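Enquirer: dropping a prediction and its sequence here:
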Amino acid sequence: MTKLEEQARWVKTGGAIAASGVWFSYPNRPAILQDLSFSILPRERVGLIGSNGAGKTTLFLTICGLLSPTGGTLTLLGKPIIKGEFRPEIGLVFQNPDDQLFCASVRDDVAFGAENLGLDPEEVDRRVHQALSATGVLPLIDRVPHQLSGGEKCMVAIASVLVMHPKVMLYDEPSANLDLRARRRLIRFLQQSQQTLAIASHDLEMILEVCDRVLLLDRGQVVADGKPQTIMSDRTLMETNGLEVPLSLT
Ligand SMILES: Nc1ncnc2c1ncn2[C@@H]1O[C@H](COP(=O)(O)OP(=O)(O)OP(=O)(O)O)[C@@H](O)[C@H]1O
């Protein structure tokens, strides 16, 4: 099946992620997500951009079932997302790796997700090695996570999600706080990823390098959806929504 045929098939089922008229408010607060509708096809790499407070993280938390929309529907791979339901098909990499790593060793942290799937110890071990190899940090397997550098923690946190073999990965600000070398390693890794990707970031140059599509969010609404170069080089659109045209496009 060609990529186009595969995508046509997925359009009928809602794609990898489909949001239809989604609303969300934190208790006693104005709406953060307002009537959001979009769909992401399998193996698309979508950048989610928008100024501080636009609702990017909130959207990710609803897609993962950690928050329940106050209106509308969300589906993952054609099945409704229900708050609290464990869906190993989707993985979220938090902005701060310290929110993701809490065990005494890298091995234990990465094994945690696979053990929760009820896999036998040999399969867990196989997956741990595979996830750490894919992220390029296998030599860190016996290290204590909180003693790692920011860049190392970032890749271990990604491995701790990959170990569950998700089809869809959500990355919240993955390049925040990384130095040049660690950021480059992350970009190369994301470019080679086989999953459907949604990446929320203020690092617009990284989005340009990794993503084939961008959703621009402002005050909980999708105000633009299209090719990264087209959206990010539109100075009026970017500045109206609190962003700047990235240097490489000026
Ligand atoms: N637990 C919470 N309770 C109340 N309000 C919240 C909560 N979490 C986030 N918010 C508010 O929701 C709005 C959207 O926040 P969110 O973190 O989703 O935005 P964002 O686009 O990810 O921002 P940033 O780019 O700064 O990470 C903000 O105004 C924020 O203050």
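Expert: Nice, thanks for sending it over.

Enquirer: what score does Asp225 have for pLDDT?
Expert: On the pLDDT scale, Asp225 is placed at 96.

Enquirer: now do Leu178
Expert: pLDDT for Leu178: 87.

Enquirer: which SS state does it fall under?
Expert: Following DSSP: H, G, I helix; E, B strand; the rest coil, Leu178 is assigned to coil.

Enquirer: quick one: neighbours of it, just the number.
Expert: Residues lying near Leu178 (other C-beta atoms under 10 Å) number 21. C-beta coordinates here come from the backbone N, C-alpha and C atoms, glycine included.

Enquirer: quick one, helices of this structure?
Expert: Taking DSSP state H as the test, the helices found in the chain are 3-13, 56-63, 106-116, 121-134, 150-162, 180-192, 204-210, 228-232, 235-240.

Enquirer: would you turn these into a markdown table with distance to the ligand?
Expert: Rendered in a markdown table, the data for these read as follows (distance: least, C-beta to the nearest ligand atom, whole Å):
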| stretch | distance to the ligand |
| --- | --- |
| helix 3-13 | 27 |
| helix 56-63 | 3 |
| helix 106-116 | 24 |
| helix 121-134 | 26 |
| helix 150-162 | 16 |
| helix 180-192 | 18 |
| helix 204-210 | 12 |
| helix 228-232 | 16 |
| helix 235-240 | 15 |
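
Enquirer: highest mean neighbour count across these, which stretch is it?
Expert: Of the helices of the chain, the one with the most neighbours on average (mean count of other C-beta atoms under 10 Å) is helix 150-162, at a mean of 24.

Enquirer: that one vs helix 180-192, what angle?
Expert: Counting by axes from the mean of the first three to the mean of the last three C-alpha atoms, to 10 degrees, helix 150-162 lies at 20 degrees to helix 180-192.

Enquirer: state the mean pLDDT of helix 150-162.
Expert: Helix 150-162 comes out with an average pLDDT of 93.

Enquirer: what's the answer for stretch 24-40, then?
Expert: Per-residue pLDDT over stretch 24-40 has a mean of 94.

Enquirer: chain center to that stretch: distance?
Expert: Its chain's average C-alpha position is 18 Å from that of stretch 24-40, according to C-alpha atoms, centre = their mean, to the nearest Å.

Enquirer: any buried residues in that stretch, and which?
Expert: By neighbour count on 16 or more other C-beta atoms under 10 Å, the buried set for stretch 24-40 is Phe24, Ser25, Ala31, Ile32, Leu33, Gln34, Leu36, Phe38, Ser39, Ile40.

Enquirer: cool, and stretch 194-205?
Expert: Buried residues in stretch 194-205, defined by neighbour count with 16+ other C-beta under 10 Å: Gln195, Thr196, Leu197, Ala198, Ile199, Ala200, Ser201, Asp203, Leu204, Glu205.

Enquirer: swap in stretch 211-223?
Expert: In stretch 211-223, counting by 16+ other C-beta under 10 Å, buried: Cys211, Arg213, Val214, Leu215, Leu216, Leu217, Asp218, Arg219, Gly220, Gln221, Val222.

Enquirer: and the two most separated of those residues?
Expert: Spatial extent of these (C-beta to C-beta) is set by the pair Cys211 and Arg219 at 21.9 Å.

Enquirer: circling back to that earlier point, the ligand: which of the buried residues of stretch 211-223 is nearest?
Expert: Looking at the buried residues of stretch 211-223 and their distance to the ligand, the nearest is Leu217, at 6.7 Å (C-beta to the nearest ligand atom).
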